[in-house]
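>>> Sequence first, predicted coordinates after that:
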Number of protein chains: 2
Amino acid sequence: MPDGDKTPSVRDQILDEATRLFAAQGFGATSVQAIAEAVGIRKPSLLYHFESKELLRDAVLERILARWNELLPGLLVAAAKEDRFDGVMNALTSFFLEDPDRARLLLREVLDRPTELRAMLVKHVRPWVAVVSDQLERARRDGFVHADADVEAYAVHVIHLVVGGVAVMETMGAALGGRSSVTRERMTKELVRLARAGLFVDPRRTTRSERSESARSERAGSKRNK
Amino acid sequence: MPDGDKTPSVRDQILDEATRLFAAQGFGATSVQAIAEAVGIRKPSLLYHFESKELLRDAVLERILARWNELLPGLLVAAAKEDRFDGVMNALTSFFLEDPDRARLLLREVLDRPTELRAMLVKHVRPWVAVVSDQLERARRDGFVHADADVEAYAVHVIHLVVGGVAVMETMGAALGGRSSVTRERMTKELVRLARAGLFVDPRRTTRSERSESARSERAGSKRNK
DNA sequence: CCATCTGTCTACCAGATGGTAGAGAGTGCG
DNA sequence: CGCACTCTCTACCATCTGGTAGACAGATGG
């Protein structure tokens, strides 16, 4: 009884379509009916897999969180090595650019259910912010990071910059001059530059790069696609 | 029939409550009934003032835009002067901090109606971005601004940083360590610092030395709803 | 063969939704 | 006074909402 590899299980299809629709229209504006239709089943069949719309919402959110948590260990390893900033920024941006619906859905949850999301943030984000800002605070005392920076608030802003930025990128790009085909690239590149220059006194130099071996160039050239 | 000074007209009360509820729950999740109840009238009375829910949404958005446009001329003057980074940032942050519902509502519109909002951005934001980035581009060539900056994309990111940042500030603050009473101040201050350091080669040096740290936050804090 | 379990369906529910019809109430005005 | 105008109301509508009841089909397994 293993899962079919070709066609995802009905359950997963429901989660896929629910993610898409919740991200696009919001939870309140999306009907169970609409999700069922998108999957190609009837409403009661959907409600057989998820007892209620609320539970479906929870499952959708949980799945995104689970995917992020799969990525976390590797991220922490990357953060421990030399090229922290690039590694972390790359992981963050990749995760959300890979499927912008994740960003849109999370952003909507923040707007729709602030209290619930606060609890979630305290549990899933705050410890990570603490780790990162510890590192940053050290770098700040060493003079690599702007002296007047509030590194903790900075970390939170950067998270929002990435999540929110990806969520609205396509639309906000309309405020830009050039052709829309390159909007995403431009915005992403400038986003990373802004985050870096907002942090480091000398943005061209990473925290401990002057002491690093040549492992840095390997890492930098690894994931620059799209 | 002049405007009552004490009690705003029913029409304005409807717009107020609609703004509040749309911002808090989203358009799709807010019923006409709920808005009418918040105002203290019956549903058909509301629909007498606004023929449909859609038209009410338009009116709400339009009113926010109108208020912003009242502010624009002064802002452009400030931007035209030599180095009025603080002026522009202050105007932006003040406008949204004064009533965070504006930020939340705009953010929701971007998520809910991307195509419509693109048109709005092209009309209302893009010209302003063009003016600002012209100034920034000049400053870049003069060496005041980071050489590798994409000033246009930067401007768009900063707009999002402020609008989105204000919209989610209270919730995202949960990822922060300290007490929540100072969260807003901390986040606002760091937001401005991040924007400045992300732009200027030497963030400390501005033509007008703004060295007071509390002059801004005092202006910012005014209204508390709910 | 029968019993059970899983999953999908049709038919239905009570309540909410956006919106309408039309009856007044209050005011202003000739 | 009567007429018109503005505004709010009760009563109602068709449609949609999330959710339930229960029939039925196809496996599974004794």
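Structure received.

>>> Identify the residue nearest the geometric centre of chain A.
For chain A, the residue nearest the mean C-alpha position is A:F96 (4.1 Å; CA atoms, centre = their mean).

>>> For chain A, give me the ranges with low pLDDT.
Counting by pLDDT under 70, chain A has low-confidence residues at A:1-6, A:79-82, A:205-226.

>>> quick one, helices of it?
Taking DSSP state H, the helices of chain A run over residues A:10-25, A:32-39, A:43-49, A:53-80, A:84-98, A:100-112, A:114-124, A:126-141, A:151-172, A:183-197, A:215-220.

>>> what does chain A put close to DNA strand C?
A:10, A:41-45, A:48-49 (CB under 7 Å from any atom of the strand). In this view, the C-beta of every residue, glycine as well, is placed from N, C-alpha and C.

>>> Now that you've got those residues, can you turn the buried subset into something I can paste into PyMOL?
To isolate the buried ones among the residues of chain A next to DNA strand C in PyMOL, judged by 16 or more other CB atoms under 10 Å in any protein chain shown, type:
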select buried, chain A and resi 41+49
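
>>> from the residues of chain A next to DNA strand C, which are also near DNA strand D?
A:43-44.

>>> Make a markdown table out of the residues of chain A next to DNA strand C and add distance to B:R138.
A markdown table is the format used below for the residues of chain A next to DNA strand C (distance: CB to CB, whole Å):
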| residue | distance to B:R138 |
| --- | --- |
| A:V10 | 59 |
| A:I41 | 59 |
| A:R42 | 62 |
| A:K43 | 59 |
| A:P44 | 64 |
| A:S45 | 62 |
| A:Y48 | 63 |
| A:H49 | 59 |
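
>>> quick one: which of the residues of chain A next to DNA strand C is nearest to chain B?
Minimum distance to chain B across the residues of chain A next to DNA strand C is 18.5 Å, recorded for A:K43 (CB to the nearest CB).

>>> and that closest one, what does it touch?
In this structure, A:K43 makes contact with A:32-33, A:36, judged by CB atoms under 8 Å, 6 or more residues apart in numbering or on different chains.

>>> In contact with the closest residue in space to A:V163 that isn't next to it in sequence, which residues?
Using CB to CB, 6 or more residues apart in numbering or on different chains and skipping the chain neighbours, the partner closest in space to A:V163 is A:A103 (4.9 Å). For A:A103, the contact set (CB under 8 Å, 6+ apart) comprises A:96, A:162-167.

>>> Count the residues that sit near the closest residue to A:L47 other than its chain neighbours.
Closest residue to A:L47 in three dimensions, ignoring its sequence neighbours and counting by CB to CB, 6+ apart: A:V32, at 6.9 Å. Look at A:V32: counted by other CB atoms under 10 Å in any protein chain shown, it has 17 neighbours.

>>> returning to what we had before: any idea which of the helices of chain A is most buried?
helix A:151-172 (a mean of 24; mean count of other CB atoms under 10 Å in any protein chain shown).

>>> and that helix, what other elements does it pack with?
helix A:84-98, helix A:100-112, helix A:126-141, helix A:183-197, helix B:100-112, helix B:114-124, helix B:151-172, helix B:183-197 (3 or more CB pairs under 8 Å, 6 or more residues apart in numbering or on different chains; DSSP states H and E).

>>> Quickly note the distance from A:V162 to DNA strand D.
A:V162 is 30 Å from DNA strand D, where distance means CB to the nearest atom of the strand, to the nearest Å.

>>> what sits against the nearest residue to that residue once chain neighbours are set aside?
Closest residue in space to A:V162, ignoring its immediate chain neighbours: A:L92 at 4.8 Å, by CB to CB, 6+ apart. By CB under 8 Å, 6+ apart, the residues touching A:L92 are A:158-159, A:162.

>>> So which of those residues is the closest to A:E17?
A:V162 (25.4 Å; CB to CB).

>>> Stretch A:50-63 and chain B, any residue contact?
No - Stretch A:50-63 stays clear of chain B (CB under 8 Å from any CB of the partner chain), getting no nearer than 12.0 Å.

>>> Name the residues that touch that stretch?
Against stretch A:50-63 from outside (CB under 8 Å, 6+ apart): A:14-15, A:18-19, A:22, A:27, A:32, A:35, A:46, A:105, A:109.

>>> among these, which are in reach of DNA strand D?
Near DNA strand D, by the rule CB under 7 Å from any atom of the strand, you find A:V32 out of the contacts of stretch A:50-63.

>>> now the contacts of stretch A:50-63 in CSV, with distance to A:Y154?
Formatted as CSV, those follow (distance: CB to CB, whole Å):
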residue, distance to A:Y154
A:I14, 39
A:L15, 34
A:A18, 34
A:T19, 30
A:F22, 30
A:F27, 31
A:V32, 41
A:I35, 38
A:L46, 43
A:L105, 25
A:E109, 23
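
>>> Which two of the contacts of stretch A:50-63 have the greatest separation?
A:L46 and A:E109, at 20.7 Å, using CB to CB across the contacts of stretch A:50-63.

>>> that older thread, could you tell me which residues make contact with the residue nearest to the centre of chain A?
Counted by CB under 8 Å, 6+ apart, A:F96 has contacts A:102-103, A:162-163, A:166-167.

>>> Equivalent analysis for A:A195, please.
Per CB under 8 Å, 6+ apart, neighbours of A:A195: A:89, A:158, A:161, B:198.

>>> Report the contact partners of the third one.
When contacts are counted by CB under 8 Å, 6+ apart, A:L161 is found next to A:191, A:194-195, B:157, B:160-161.

>>> Nearest to DNA strand D, out of those residues: which one, please.
B:H160 (30.2 Å; CB to the nearest atom of the strand).

>>> what about that closest one, distance to DNA strand C?
29 Å.

>>> For that residue, give me its contacts.
Contacts of B:H160 by CB under 8 Å, 6+ apart are A:161, A:164-165, A:168, A:172.

>>> Ok, A:V168 next?
Counted by CB under 8 Å, 6+ apart, A:V168 has contacts B:107, B:110-111, B:160, B:164.

>>> wait, A:A147 sits on A:R140?
Yes - using CB atoms under 8 Å, A:A147 is in contact with A:R140, at 6.8 Å.

>>> where does chain A come near DNA strand D, residue by residue?
A:30-34, A:43-44, A:47, A:51-54.

>>> so which of those would you say is closest to A:T115?
Taking the residues of chain A next to DNA strand D together and measuring to A:T115 by CB to CB, the closest member is A:E54, at 14.9 Å.

>>> Distance check, the closest one against A:S9.
21 Å (CB to CB, to the nearest Å).

>>> same thing with A:A29?
From A:A29 to A:S9 the distance is 26 Å (CB to CB).
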